[in-house]
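> Mind folding the following:
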Amino acid sequence: METEMESRIADPFSWDGHEAETLLVCESGSGRAKELVAVVIVKTEGRPEAFYRVREAGEKDVDFESWLEAVDYYNCIGVESHPATPDTGIAKTELQDEDWKTAIAQKKPTIPAGAVVKITGTLQNMYGDFVKVEYNGVKYTVEPRKLDMPKTLEEQKQAIRKAALAAGAKIIENN
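Alright, predicted model coming up:
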């Protein structure tokens, strides 16, 4: 079927609110269909709205403002039977580096509650056990009790979904 394309947009205001999606990655061979798309919503005034959407067959679409959160969520789909080596954690509360004096000197921003952080390692010293994390390119050392670190990838996926919802992510029903 061939569709004729217009060379002009006769009524630009009629486009307000339309969504345009660009497929970034998809998989369907693992028994589960999933895709990650970039979405732009056309606005006749001001800047367009843009975000990432993860789709999974039979599930609600989940939208993310953060690329890393969207990728983490996408990567967890379909591998829930494998134990997770936690490479991400969810901040239970607002976090600051445990070495707060150095953090102030380096002007490290706080990590907001519900943020997904990348776990890069552990540290044990005379003050206790700590988890090394990275958030927005900044490295922190935090107490493990201040992070939600799921045991399986399915738990990790659910924790990321919960954090995204708490942060105001849109949940859109699959049609």
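> how distant is the longest helix belonging to the chain from the center of its chain?
Longest helix in the chain, counting residues (DSSP state H): helix 153-166. Put simply, helix 153-166 sits 9 Å off its chain's centre (CA atoms, centre = their mean, to the nearest Å).
> Mind listing the residues bridging to the nearest residue to residue 144 once chain neighbours are set aside?
Leaving aside its chain neighbours, residue 144 sits nearest to residue 131 (5.0 Å; criterion: CB to CB, 6 or more residues apart in numbering). All C-beta spots, glycine's among them, are computed from the backbone N, C-alpha and C. Taking DSSP bridges as the rule, residue 131 bridges to residue 122, residue 142.
> correct me, but residue 131 touches residue 145?
No. Checked against CB atoms under 8 Å, the pair residue 131 and residue 145 is beyond contact range at 9.7 Å.
> Neighbour count for those two, which is higher?
A count of neighbours by other CB atoms under 10 Å puts residue 131 above the other of residue 131 and residue 145, at 22 against 9.
> how about low-confidence regions in this structure?
Flagging of the chain using pLDDT under 70 yields the residue ranges 1-6, 29-32, 78-86, 150-154, 156, 167, 169-175.
> Contact partners for residue 163?
69, 90, 114, 115, 116 (CB atoms under 8 Å, 6 or more residues apart in numbering).
> ditto for residue 70
36, 52, 53, 54, 64.
> What strand or helix carries the fourth one?
Think residue 54. strand 49-56 (DSSP states H and E).
> tilt between that strand and helix 153-166?
Per axes from the mean of the first three to the mean of the last three CA atoms, to 10 degrees, the angle that strand 49-56 makes with helix 153-166 is 150 degrees.
> Now the most centrally placed residue in the chain: closest residue in space, sequence neighbours ignored.
What sits nearest the mean C-alpha location of the chain, by CA atoms, centre = their mean, is residue 69, with 1.5 Å. In this structure, residue 69 finds its nearest non-sequential neighbour in residue 116, 4.9 Å apart by CB to CB, 6+ apart.
> In its sheet, which strands sit next to the following helix or strand past the strand holding residue 54, and in what direction?
Moving toward the C-terminus from strand 49-56, the next helix or strand (DSSP H and E) is strand 61-64. Strand 61-64 has these partner strands in its sheet, going by DSSP bridges: strand 49-56 (antiparallel), strand 171-172 (antiparallel).
> winner for burial among these?
Of those, the one with the most neighbours on average (mean count of other CB atoms under 10 Å) is strand 49-56, at a mean of 19.
> about what we covered before: just say helix, strand or coil for the residue nearest to the centre of the chain.
At residue 69 the chain is in helix, as set by DSSP: H, G, I helix; E, B strand; the rest coil.
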